[in-house]
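*Asks:* Fold the stuff below for me.
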Amino acid sequence: MQEFVIGNKQKVDLETWERRSIFNFFKNFSEPYHGVCLRLDCTQTFRYAKEHRLSVFISLVHRSLVASHLVENFKTRIVNGEVWRYDQIHGGSAIGRPNGTIGFGHYQFREGIQQFVREASLKVDEVKQRDDIERFPEDNLIRFSVLPWFDFTSISHAREFARVDSAPRITFGKITDADGRCTMPVSIHAHHALADGLHVAQFVERFQELLHAPEAQPVLHGRT
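*Replies:* Predicted coordinates:
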């Protein structure tokens, strides 16, 4: 595992937190995740990645991570029964290997898309040469995957219910080019104790804006 800059985190006071009752209601559900599948326009980011010879998938991961920093609920995690708010969220994804198996790659967040994609692409190449499964040591990440073969309309994820996990899961599907626009299906699953449908909608709005502007670097709170 490469050394990550985890960044600062703040413990949320559950006694004064406005989500206290919602958190207590959903935290012990056997399946606390709720999800949506929708279609987003990725034309500008797709073209930008192609023009600059960047991985399209990792470019999409970057735009999504920037969006997550703009929605507070996507930066909160449950750790040992407590809620923590992180200043920085990293990325992790499944990576296909030449022999047909998969490994896990983890990507240090960078505000600039080109630096992020180039560093993450080196990690992808490294994981492809190994045969292990490596888990991220902290909770401040989003779990990504891509199904480039499918223009899916629904999706489910394998999950170890005995292991407490509250990181959002985001999956990108097949990119379709029609009438000069590129669109793709996206699934977003979030832990209901931390985020409701409103917060998913806020994330989607930010993500779509950032897909339209691949080089945009919004002002992020808690920069490290």
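*Asks:* Please determine how far the most centrally placed residue in the chain is located from Thr43.
*Replies:* In the chain, the centroid-proximal residue (C-alpha atoms, centre = their mean) is Ile142; its distance is 3.5 Å. Using C-beta to C-beta, to the nearest Å, one gets 23 Å for the distance from Ile142 to Thr43. Every residue, glycine included, has its C-beta placed from N, CA and C.
*Asks:* Repeat that for Ala120.
*Replies:* 22 Å.
*Asks:* the more surrounded of the two?
*Replies:* Ala120 (26 against 16; other C-beta atoms under 10 Å).
*Asks:* For the residue lying closest to Thr43 once chain neighbours are set aside, what is the enclosing helix or strand?
*Replies:* Spatially, and ignoring its direct neighbours in sequence, Thr43 is nearest to Cys182 (4.4 Å; C-beta to C-beta, 6 or more residues apart in numbering). Cys182 is part of strand 181-191 when elements are defined by DSSP states H and E.
*Asks:* Then Ala94?
*Replies:* Counting by DSSP H and E, Ala94 is part of strand 90-96.
*Asks:* Show me the shaky parts of this structure.
*Replies:* Across the chain, the ranges flagged by pLDDT under 70 are 1-7, 221-224.
*Asks:* so where do the strands sit in it?
*Replies:* 9-11, 33-41, 76-79, 82-86, 90-96, 102-107, 141-146, 169-172, 176-178, 181-191 (DSSP state E).
*Asks:* out of the ones you listed, which comes closest to Ala201?
*Replies:* Proximity to Ala201 (C-beta to C-beta) singles out strand 33-41 among the strands of the chain, at 8.9 Å.
*Asks:* Adjacent strands (with direction) for the closest one?
*Replies:* When pairs are called by DSSP bridges, strand 33-41 turns out to pair with strand 181-191 (antiparallel).
*Asks:* Please identify the buried residues of the strand it pairs with?
*Replies:* 182-191 (16 or more other C-beta atoms under 10 Å).
*Asks:* Ok, stretch 83-100 next?
*Replies:* Quick answer for stretch 83-100 (16+ other C-beta under 10 Å): 83-95.
*Asks:* swap in stretch 133-148?
*Replies:* Residues of stretch 133-148 classed as buried: 136, 138-146 (neighbour count, 16+ other C-beta under 10 Å).
*Asks:* Neighbours of Ala213, how many?
*Replies:* Quick note: Ala213 (other C-beta under 10 Å) scores 13 neighbours.
*Asks:* residues contacting it?
*Replies:* If you count contacts by C-beta atoms under 8 Å, 6 or more residues apart in numbering, Ala213 has them with Gln44.
*Asks:* Show the backbone phi and psi for it.
*Replies:* With angles defined as degrees, to the nearest 10, Ala213 sits at phi -140, psi 80.
*Asks:* for Ala193, same thing?
*Replies:* Here Ala193 shows phi and psi, under degrees, to the nearest 10, equal to phi -70, psi -20.
*Asks:* Might one say that it is in contact with Tyr33?
*Replies:* No - using C-beta atoms under 8 Å, Ala193 is not in contact with Tyr33, being 9.9 Å away.
*Asks:* dump the residue contacts of Trp149.
*Replies:* Lys174.
*Asks:* Same question for Pro185.
*Replies:* 37-39, 150-153, 172-174.
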